[in-house]
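*Asks:* pasted the sequence and its predicted model underneath.
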Amino acid sequence: MNRFWAEIQDEVGTRIEQSPPPNRSIWFRGQKDGWPLLPKLHRNIRRHGDESARPEHVRERSRFMYLKFKRLAWALLAEEDRSPWGVFCAMQHYGCETRLLDWTESFACAVYFAMTDCPEGAQPTIVCARSVRAESPSRLRGHRVPER
């Protein structure tokens, strides 16, 4: 391991240790450039202009994608993925438009996603967020999606 990478890992480890207990859970997101934190659904809707980015359009598009994926993939989903959160997580995993962002508790994983296939001239970015709850992103399966 080179010295630069070791220094980065030490710095991140120190920051995590300095987080106040009991919530030492820090999530990371690697991005190939410093674009805003927007889920794929919002990025794709934004490309079509301001009119289609209205909240009701986002909800409508999200519901359409969710129901279509659920209808087509239900028989292929594992039993534990047959909950509303499980369907959303499966959609995200397979690259569908969702309102979710991928986060990880692994700094190295975030670095991988920021750097893999990074175009020349881009500014890879690692976003760090401290969780508000003691839950990790990997524990979302089986939880109900809040109703509005």
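*Replies:* Cool, got the structure. Residues are numbered from 1 along each chain as shown.

*Asks:* I'd like the distance between Val127 and Phe4.
*Replies:* Separation of Val127 from Phe4 (CB to CB, to the nearest Å) stands at 20 Å. All C-beta spots, glycine's among them, are computed from the backbone N, C-alpha and C.

*Asks:* pick out whichever of the two has more residues nearby.
*Replies:* Val127 (15 against 8; other CB atoms under 10 Å).

*Asks:* pairing partners for the helix or strand encompassing the more buried one, with directions?
*Replies:* Assigned by DSSP states H and E, Val127 belongs to strand 125-130. Using DSSP bridges, the strands paired with strand 125-130 in its sheet are strand 26-31 (antiparallel).

*Asks:* residues touching Phe69, list them.
*Replies:* Val87, Ala90, Met91, Cys96 (CB atoms under 8 Å, 6 or more residues apart in numbering).

*Asks:* list only buried entries from those.
*Replies:* Using 16 or more other CB atoms under 10 Å as the burial test, the contacts of Phe69 include Val87, Ala90, Met91, Cys96 as buried.

*Asks:* the second one: what secondary structure?
*Replies:* Three states are possible here, and by DSSP: H, G, I helix; E, B strand; the rest coil the one that applies to Ala90 is helix.

*Asks:* for it, give me its contacts.
*Replies:* Taking CB under 8 Å, 6+ apart, one finds Phe69, Ala73, Leu77, Asp81 in contact with Ala90.

*Asks:* OK, contacts around the third one?
*Replies:* When the contact criterion is CB under 8 Å, 6+ apart, the partners of Leu77 are Gly86, Val87, Ala90.

*Asks:* count of residues packed around the first one?
*Replies:* This means Gly86. What Gly86 shows, counting by other CB under 10 Å, is a neighbour count of 19.

*Asks:* okay then, goodbye and thanks.
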